[in-house]
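Trainee: need a 3D model of the sequence below.
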Amino acid sequence: MDDPKNKISSQAIEAAGRNWLSAQLLLRGLEVSVPIVDRGIDLIVFKEVGDAGIRALPLQLKCASEESFSLDRKYAGRGIPLVYVWNVLTQPTAFFLTYDEALVALGEQAAVTASWVDRGYYSKNYISADLRARLADFENRWKWLEDRLERQPTTGG
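Mentor: Residues are numbered from 1 along each chain as shown. From the prediction side, this is the model:
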């Protein structure tokens, strides 16, 4: 019998991961918005702060049916947290990193690959025990995300 995971498109995996993450954020008392056009921001988490308006934080998502880790140089210097949602179809879990943290997690071997040198993109579909250990501190960093949101400027006052 065919594995049903093989029949699900990457767009469906992305939507399922985004919806799972949105639900987790809502359960933590935060609000979410999905941009109509994807220009490197997949989700905006925000919070009303009374008369001060709102605080908002854009997120870049990377969702996968299993474990996958990638990084694109186009996110360098943008200050957008990267959220990796793994195992979307079974036991979803999220990793929250800055670009610089993701670069360190990838390790030195990534810097010498042709894909990184030529195109500024690196992807791992097999997560080694070493990479898994480097990512462990970033798993389920919900409080870290909430703290980043708290440090965002408000829209009014």
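
Trainee: which stretches of the protein have low pLDDT?
Mentor: 1-6, 110-111, 157 (pLDDT under 70).

Trainee: quick check, central residue of it?
Mentor: Geometric centre of the chain, nearest residue: Val83, 1.3 Å, by C-alpha atoms, centre = their mean.

Trainee: which strand in the chain runs the most residues?
Mentor: Secondary structure of the chain per DSSP state E: the longest strand is strand 54-63.

Trainee: gap between stretch 66-76 and the chain center?
Mentor: 9 Å (C-alpha atoms, centre = their mean, to the nearest Å).

Trainee: quick check: end-to-end length of it?
Mentor: 25 Å (C-alpha to C-alpha, to the nearest Å).

Trainee: got it, and stretch 133-147?
Mentor: End-to-end distance (C-alpha to C-alpha), stretch 133-147: 24 Å.

Trainee: any idea which helix or strand comes after the helix or strand containing the residue nearest to the centre of the chain?
Mentor: Following DSSP states H and E, one finds Val83 within strand 82-86. Next in sequence after strand 82-86, counting helices and strands by DSSP H and E, comes strand 93-97.

Trainee: now that following strand: how far from the chain's centre is it?
Mentor: 6 Å.

Trainee: can I get it in CSV? Just the C-alpha atoms.
Mentor: Taking C-alpha atoms only, strand 93-97 is exported to CSV below (Å, rounded to 0.1, in the frame of the first residue of the first chain):
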residue,chain,number,x,y,z
THR,A,93,7.3,20.4,16.7
ALA,A,94,8.7,23.8,16.2
PHE,A,95,12.2,25.3,16.2
PHE,A,96,12.6,29.1,16.6
LEU,A,97,15.9,30.7,15.4
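
Trainee: got a list of contacts for that strand?
Mentor: 21, 24, 81-87, 105, 135, 138-142, 144-145 (C-beta atoms under 8 Å, 6 or more residues apart in numbering). Backbone N, C-alpha and C define where each C-beta goes, glycine included.

Trainee: cool, and stretch 46-63?
Mentor: So stretch 46-63 is contacted by 13-14, 16-18, 21, 29-33, 40-45, 68-70, 75, 80-85, 88, 145, 148-150, 152-157 (C-beta under 8 Å, 6+ apart).
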